[in-house]
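Here's a sequence, model it:
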Amino acid sequence: MRARRAAPTGGLFAFVALASFAAVAAALVSQHAYGMQPCAWCVLQRLIFLALGAVALLGLAWRGRTGSLVAAVDGLLLALCGLASAVWQHFVAARSASCNLTLADRIVSTTKLDTLLPDVFEARASCADAAVALFGVPYAFWAAALFVLCALALLQAIRVATR
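Numbering: from 1, shown residues only. This is a model prediction of the structure:
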């Protein structure tokens, strides 16, 4: 009788961590090198990407079926929240003149990250002003696509962990 061995999920978690941290790095380069100031929804997505990357690192560190499953499910929920925020940013928030007192603004201000790390988490533009494109594609869609890729990787990790 042959023992069944679960396929490793390490590569999937490594992809999610790398993609998440690279997204935040790209946003910071866009902000500080090219003057593309973020709105509250942009900042919220940065926070979600950082949390997603941290959960993926936990998935790498916390070996075993249970650890992989917990990290993958938590990461999937974060990726779906990120996707929802990117879609909301493009279709709703970008059409408003202000992001003040929106859900994104309240979440970021509640964490106090906007005062602790203003160069990363301070919203410096209105939602309408922050609606910019890269190669003709709105930034929010780039973020949404990356959240979808991370969600797909995490769904695969869940599949592998439950075999």
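
Quick check, residue 90 in contact with residue 141.
Yes. Using Cβ atoms under 8 Å, residue 90 is in contact with residue 141, at 6.5 Å. From N, CA and C alone the C-beta is placed, and that goes for glycine too.

Toward the C-terminus, what is the element adjacent to the biggest helix by length in the chain?
Determined from DSSP state H, the single longest helix within the chain is helix 65-91. Remark: after helix 65-91, the chain's next helix or strand is helix 103-111, criterion DSSP states H and E.

List of residues touching that following helix?
The contact list for helix 103-111 (Cβ atoms under 8 Å, 6 or more residues apart in numbering) reads 39-41, 43-44, 47, 85, 89, 93, 99, 114, 121, 123.

Now with 7 Å, please.
40, 41, 43, 44, 47, 85, 99, 114, 121, 123 (Cβ atoms under 7 Å, 6 or more residues apart in numbering).

Buried residues, that helix. List them.
Of all the residues in helix 103-111, those buried under the rule 16 or more other Cβ atoms under 10 Å are 104, 105, 107, 108, 109.

Over to stretch 10-19?
12, 13, 15, 16, 17, 19.

picking that back up, who has more neighbours out of residue 90 and residue 141?
A direct count of neighbours by other Cβ atoms under 10 Å for residue 90 and residue 141 places residue 90 higher, at 19 against 15.

got a list of what that one touches?
For residue 90, the contacting residues are 138, 140, 141, by Cβ under 7 Å, 6+ apart.

10 Å instead, please
Contacts for residue 90 (Cβ atoms under 10 Å, 6 or more residues apart in numbering) come out as 41, 127, 131, 138, 139, 140, 141, 143, 144.

Can you flag the buried ones in these?
41, 127, 131, 138, 139, 140, 143, 144.

of these, closest to residue 58?
residue 143 (22.1 Å; Cβ to Cβ).

So for the closest residue to that closest one other than its chain neighbours, what's the pLDDT?
Nearest residue to residue 143, sequence neighbours excluded (Cβ to Cβ, 6 or more residues apart in numbering): residue 86, at 4.3 Å. Per-residue pLDDT puts residue 86 at 94.
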